[in-house]
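Visitor: no FASTA, just this:
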């Protein structure tokens, strides 16, 4: 039973919930670097998804749809929260009525007898079709209002310079010159949607030479070369086809070299920075340890190893990460025969056993994965560098 002292606050919850949602959305919009038009599309898409009857799956749908359309995932999901507990019944009612009109040419009678006689499949079809129509009708003005609001806001408050974003853009453009639309699209998708690249671009400068083990198309080294002029780096990968695209993208970057090699044997004495980005979980646990130990022993005094990996102790986010990788394996997006996920603390312990000082920080940003960044540094700096 609600006590009299809390009755007013209980009655005020719908307004407060809407106010909080509006505040979070406006705050997030102000911090986004996307164009006003793309923010408007993100809001329109989110409202459409939030109106559909797929309760419990709105987050997943938002992530997939926003990523595919290269829209802001946080803004899309925030806008999908139109299905608040006190608005959901209104949305369901409006969707079913609109769907019935579109499918049958008439509104549903509002009576207990009419609903008792209603065929469940007819109800579901009316709900689904009507939700798409209602979501579009609500999303279009919401998206337009967002566009106009953000256009006016940007005129009064221009965005500050974004060196990391510009470097990511230049790096992506390099791969377009290679002639493969697939590779250019893949690299652009990674740079724009994977938070590790912005984090690396904003982190520099890096101690070189840099060794990127399992470099793939080489986008990480190319990006770092765009942020740090004259950087020296070596990328190692077993896939010669990918390395061909890496060399084309880095044709006028003399400090970068890409060579064929096996991650299990890759080493470079005196490396200032060693990158292991999304590599280890494709290897058995014993091989992971061998790669980490070899990297630690190749590190120069004062150097650092950066490992981006899935943290197997990350709960539901870790499960999502495992499903994501297994789907990629089934669809042959990667050719790994093994998937081995371990707690990040275990990987950090291996590096610390080699005399490095390791730390683990979250690296998932606005994604549903349990990625972390392990930073392991050798503190015994050479005397001449002091």
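Guide: Nice, I can see it. What you see is a predicted model, and the numbers here were worked out from it, not measured in a lab.
Visitor: switch to C-alpha atoms for all contacts and neighbour counts from now on
Guide: Noted.
Visitor: give me the nearest residue to residue 291, chain neighbours excluded.
Guide: residue 264 (5.6 Å; C-alpha to C-alpha, 6 or more residues apart in numbering).
Visitor: what about residue 143, which helix or strand?
Guide: Assigned by DSSP states H and E, residue 143 belongs to helix 120-156.
Visitor: figure out how far that helix is from the centre of its chain.
Guide: A distance of 24 Å separates the centroid of the chain from that of helix 120-156, by C-alpha atoms, centre = their mean, to the nearest Å.
Visitor: mind listing the strands for the stretch 101-250 of the chain?
Guide: Applying DSSP state E, counting those that start in this stretch to the stretch 101-250 of the chain gives strands spanning 210-213, 233-237.
Visitor: nearest to residue 260, of the ones you listed?
Guide: With C-alpha to C-alpha, the closest approach to residue 260 among the strands of the stretch 101-250 of the chain belongs to strand 233-237: 5.3 Å.
Visitor: direction included, what does that closest one pair up with?
Guide: Paired neighbours of strand 233-237 in the sheet (DSSP bridges): strand 210-213 (parallel), strand 256-260 (parallel).
Visitor: what's the mean pLDDT across it?
Guide: Averaged across strand 233-237, pLDDT comes to 95.
Visitor: contacts for that strand next, please.
Guide: Here strand 233-237 makes contact (C-alpha atoms under 8 Å, 6 or more residues apart in numbering) with 208-216, 218, 221, 243, 255-263, 266.
Visitor: now stretch 167-176
Guide: Counting by C-alpha under 8 Å, 6+ apart, residues outside stretch 167-176 touching it are 183-184, 187-188, 191-192, 197-198, 201, 219, 222-223, 226-227, 245-246, 248-250.
Visitor: if we can go back for a sec, in a markdown table, list the strands of the stretch 101-250 of the chain along with mean neighbour count.
Guide: Output for the strands of the stretch 101-250 of the chain, formatted as a markdown table (neighbours: other C-alpha atoms under 10 Å):
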| stretch | mean neighbour count |
| --- | --- |
| strand 210-213 | 27 |
| strand 233-237 | 23 |
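Visitor: dump those strands into TSV; add distance to residue 370 as well.
Guide: Shown next, in TSV, are the strands of the stretch 101-250 of the chain (distance: least, C-alpha to C-alpha, whole Å):
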stretch	distance to residue 370
strand 210-213	21
strand 233-237	25
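Visitor: in three-state terms, label residue 294 for me.
Guide: Put simply, residue 294 is helix when judged by DSSP: H, G, I helix; E, B strand; the rest coil.
Visitor: that one and residue 278, how far apart?
Guide: 17 Å (C-alpha to C-alpha, to the nearest Å).
Visitor: more neighbours: those two, which one.
Guide: Between residue 294 and residue 278, residue 294 has the larger neighbour count (other C-alpha atoms under 10 Å), namely 18 against 15.
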